[in-house]
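S.K.: Below: sequence and its predicted model.
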Amino acid sequence: MTSAPHRNAPLIAVAHGSRDPRAAATVEALLDGVRRARPGLDVRAAYLDHAPPSLPRALSGLDEAVVLPLLLTAAYHSRVDIPAALREASARTPRLRAVCGPTLGPHPLLVRALERRLAEAGVETGDPGTAVVLVSAGSGDRRANATVAAVARAWARERPWWSVTAAYASAATPRPREEVERLRRAGAPRVVVAPYLLAPGHFADAVRRGALDAGAHAVAGVLGAAPELVTLLLERHAQAVRAAREAA
């Protein structure tokens, strides 16, 4: 890469990918919001697995791009898979000027989006009688799980919730059902679940079923195409361009 991408370099958003068609539809809805917010910006989706196009395919024909992981925490996909796919694309197209931005999270805008989804589920923001369970997909990377726990602690400090604690749909404990049950035993007047998940699919469905079966009062929707995520993607795009210019 001989120089940094320009301010209007195409934005390539890379999602994990899912066999569930709702996931890709949610990604496209989010990116449609980005297109409306920045008319004229070339915005494309790419997927690591289960859905086309791949990142090299999405980059095909471009001279420059800003690649943004549609991931909420930094783990194997952002540290290994996406850089490897970007190297493959650059080897195919030596003239390509492409930079990779950071994952979406952690970021205060994601917490605002979580509060939006909870409000839509009838939960008053910061209600002292409400315990919030922040549920992520979970990762084999302990650093990613620790990041989610740190988000929960910061959210608890920021708002007067009864508590905010983390749970994980896979790969780590506690599981959402276990945390809802623990909080009810601890005397929480009301327990709600805030999925720290981008799109609907297997994890979101399992979290909802398990939490409600365990007695949760409400389970919010996934983050999806919340306007806060649109703002965050454009912020990450600008951040990646600035960082590349400074490095150049």
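M.R.: Received, thanks.
S.K.: Please report phi then psi for the residue nearest to residue 96 when sequence neighbours are not counted.
M.R.: Of all residues not flanking residue 96 in the chain, residue 90 sits nearest, at 5.3 Å (CB to CB, 6 or more residues apart in numbering). From N, CA and C alone the C-beta is placed, and that goes for glycine too. Main-chain torsions, residue 90, degrees, to the nearest 10: phi -70, psi -30.
S.K.: do the one 10 residues further on as well
M.R.: The main-chain torsion angles of residue 100 are listed as degrees, to the nearest 10 and equal phi -110, psi 120.
S.K.: and it, bridged to which residues?
M.R.: residue 67 (DSSP bridges).
S.K.: Pull the distance from the helix ranked longest in the chain to the chain's centre.
M.R.: The longest helix of the chain (DSSP state H) is helix 227-247. How far helix 227-247 lies from its chain's middle: 15 Å, per CA atoms, centre = their mean, to the nearest Å.
S.K.: So which residues make contact with it?
M.R.: The contact list for helix 227-247 (CB atoms under 8 Å, 6 or more residues apart in numbering) reads 4-7, 9, 11, 13, 30, 33-34, 37-38, 66, 68, 99-102, 104, 107, 109-110, 112-113, 116, 223.
S.K.: Is it possible to mark the buried ones in these?
M.R.: Buried subset of those (neighbour count, 16 or more other CB atoms under 10 Å): 4-5, 9, 11, 13, 30, 33-34, 38, 66, 68, 99-102, 104, 107, 109-110, 112-113, 116, 223.
S.K.: Of those, which belong to strands?
M.R.: 11, 13, 66, 68, 99, 100 (DSSP state E).
S.K.: wait, isn't the fifth one in contact with residue 59?
M.R.: No - under the criterion of CB atoms under 8 Å, residue 99 lies out of contact with residue 59, with a separation of 11.9 Å.
S.K.: tell me, what's touching those two both at once?
M.R.: Common neighbours of residue 99 and residue 59 (CB under 8 Å, 6+ apart) are 65, 67.
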